[in-house]
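Trainee: Could you look at this predicted model? Sequence included:
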Amino acid sequence: MELKILVLIFPIIFMIHDFEEIIFFKKWILRNENELTRRFPKIANKLLPHFKNISTSSFALGVAEEFLIVSIISVFAIMNEDFKLWYGIFIGFFIHIIIHIIQWIIYRKYIPSIVTSFLVLPHCFYTLEKLNESKLLELNDKILWGVIGFVIVILNLLLVHKLIAIFEKLQQIKDQ
């Protein structure tokens, strides 16, 4: 029962983390553009043009798509008592949190995601511990679905950013 509650809490944990990104991302990018370009020119030159053009509403739309997927997968896992895909997506989220912490360590300043990354990290460890105790998945399934989940998260992130770019272009056409 406790594991099922943790599975259902995952979309809430996801949104707590993404609220920080939605609220602070745009202003942070604009405020830190010069420093990012100076310190990380290759990455900044590739990513900043896209990130600077993302409005808060477009970013929120992308997060909504991800939230919907996380929610559907979580409900599916509970209803079917099949946690493989859910585990994979959860591992993808956990790696995402770790990446934010690494970004923060490298940047050595606030980034929009770090506060909630540290807030949700204990929940991630606790959930993984409970999943391990439940023995619902064998080690080979954990590895396989962890890789599959991480790939799905990356592919969906790329798709979301393509959709955001399309949404931004449509908004520009509408505003003309």
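Mentor: Nice, thanks for sending it over. Numbers count the residues shown, from 1 in each chain.

Trainee: When you work out contacts or count neighbours from here on, use the C-alpha atoms and nothing else.
Mentor: Noted.

Trainee: quick one: secondary structure of Lys109?
Mentor: Following DSSP: H, G, I helix; E, B strand; the rest coil, the label given to Lys109 is coil.

Trainee: what about it, neighbour count?
Mentor: Counted with other CA atoms under 10 Å, the neighbours of Lys109 add up to 10.

Trainee: Could you pull up phi and psi at it?
Mentor: Phi and psi for Lys109, reported as degrees, to the nearest 10, are phi -150, psi 170.

Trainee: Ile22 versus that one, what's the distance?
Mentor: Distance of Lys109 to Ile22, given as CA to CA, to the nearest Å: 18 Å.

Trainee: in this protein, which spans are helices?
Mentor: Using DSSP state H, the helices of the chain run over residues 2-39, 41-52, 56-80, 84-107, 114-134, 139-175.

Trainee: Take the ones you listed and lay them out in CSV including mean neighbour count.
Mentor: Listed next are these as CSV, based on neighbours: other CA atoms under 10 Å:
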stretch, mean neighbour count
helix 2-39, 17
helix 41-52, 14
helix 56-80, 17
helix 84-107, 19
helix 114-134, 16
helix 139-175, 15
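
Trainee: Mean pLDDT added to those helices, as a markdown table?
Mentor: Listed next are the helices of the chain as a markdown table, based on pLDDT from 0 to 100:
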| stretch | mean pLDDT |
| --- | --- |
| helix 2-39 | 95 |
| helix 41-52 | 92 |
| helix 56-80 | 96 |
| helix 84-107 | 96 |
| helix 114-134 | 95 |
| helix 139-175 | 92 |
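
Trainee: Tell me which residues touch Lys84, please.
Mentor: Applying CA atoms under 8 Å, 6 or more residues apart in numbering, we find Lys84 in contact with 77, 137, 141-142, 145.

Trainee: quick one, what contacts Lys52?
Mentor: Residues in contact with Lys52 (CA under 8 Å, 6+ apart) are 26, 29-30.

Trainee: which of the residues you listed lies closest to Ile98?
Mentor: Distance to Ile98, by CA to CA, is smallest for Ile29 among these, at 20.4 Å.

Trainee: Not counting sequence-adjacent ones, nearest residue to that closest one?
Mentor: Lys52 (6.6 Å; CA to CA, 6 or more residues apart in numbering).

Trainee: mind checking how far Ile173 is from Met15?
Mentor: 30 Å.

Trainee: do Phe94 as well
Mentor: 14 Å.

Trainee: And for Trp104?
Mentor: Between Trp104 and Met15 the distance is 20 Å, computed by CA to CA.

Trainee: Tell me how far Gly88 lies from Phe150.
Mentor: As defined by CA to CA, Gly88 lies at a distance of 7 Å from Phe150.

Trainee: Then Thr116?
Mentor: Noted for Thr116: a distance of 20 Å to Phe150, by CA to CA.

Trainee: Having no further points to raise, I will conclude here.
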